[in-house]
Structures are given as C-alpha cells and as structure tokens.
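Asker: Structural data only, the sequence is not supplied:
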C-alpha cells in the first residue's frame, strides 16, 4: 500500500451531518473512502477536459423495427471503430433493444460518437458514462 497522508478539514456541522447521511446511504464504511472517491471523480473529469486517453461506455435504447436504423447504427460504429473496443446487443422486449458500446480513446471523438448516435432518427435514448483508463488514478 502507498504511504497514507492524514489531514483535517473544517466543515459546518450541517454540511458534515448531510455528508455523513449521504455516505451512509451509499454504504461507505468511512469518510475517507467517500472522499477518495470524490477526488477520483474529479480527476476523471480532469482527464476528459485535458484530452487524455479515456474509457467509458455508451448506452443506447432504440426500436429495432424502425426502418434502416440498425444499419445506420452499425455504419456509425464502423466510422468510429478506432475508439470502440466492444459492443453488446440486448433484446429488452419485442420492440426495444439496448446496445452497450465500450469505448477507449480521445474524449472529443467519444463525444462525437455519442452525439452522432443521439441524432440518429429512431434512437430513443443515449447516455455516456465517462470513466478513466486507470493509468492516471491511484
């Protein structure tokens, strides 16, 4: 394990109480782990803003009966094959499918892929889960 650094912080009692309720609700065992995760979240955001190599997942929901939509989605994915590392197709019901697209690459390219998928006629919902390759995180 790496060297640990201990430091104190000052918070208003009300803010401290709210934080404690929040982390209990999220099932953290202590404040330190919750604060470590908050710091990591900010570091991930920084990687995305600084154009570092990032990873993440794009989730999309669409009606597979929508004419020519599947072909359009496949064409889009082929246009971005340099950042797509995996896809998974899931049948939710007779009409709706969920597609998971694992990505790794430049944040601007990832956002462009996400926006392109969002704008495809017949796609019902798209979300981007931004993460890190882990290289910059501790």
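Answerer: Thanks, I have the structure now. Since the model is a prediction, treat every value here as computed from it, not as a measurement.

Asker: Residue 126 reaches residue 119, doesn't it?
Answerer: No. Contact between residue 126 and residue 119 fails when scored by Cβ atoms under 8 Å: they sit 9.1 Å apart. For the C-beta atoms, the positions are set from N, CA and C on the backbone; glycine is no exception.

Asker: Comparing the two, which residue is more hemmed in?
Answerer: Neighbour count, other Cβ atoms under 10 Å: between residue 126 and residue 119, residue 126 has more, with 20 against 10.

Asker: Break down this structure into its helices, ranges please.
Answerer: Ranges of helices in the chain, per DSSP state H, are 13-25, 31-49, 69-79, 107-118.

Asker: So for residue 97, which of those helices sits nearest?
Answerer: Judged by Cβ to Cβ, the one of these that comes nearest to residue 97 is helix 69-79, at 8.4 Å.

Asker: Confirm for me that residue 59 is in contact with residue 129.
Answerer: Yes. Using Cβ under 8 Å, residue 59 is in contact with residue 129, at 7.2 Å.

Asker: Show me which of these two is the more surrounded one.
Answerer: Neighbours per residue, other Cβ under 10 Å: of residue 59 and residue 129, the larger number sits with residue 59, 15 against 12.
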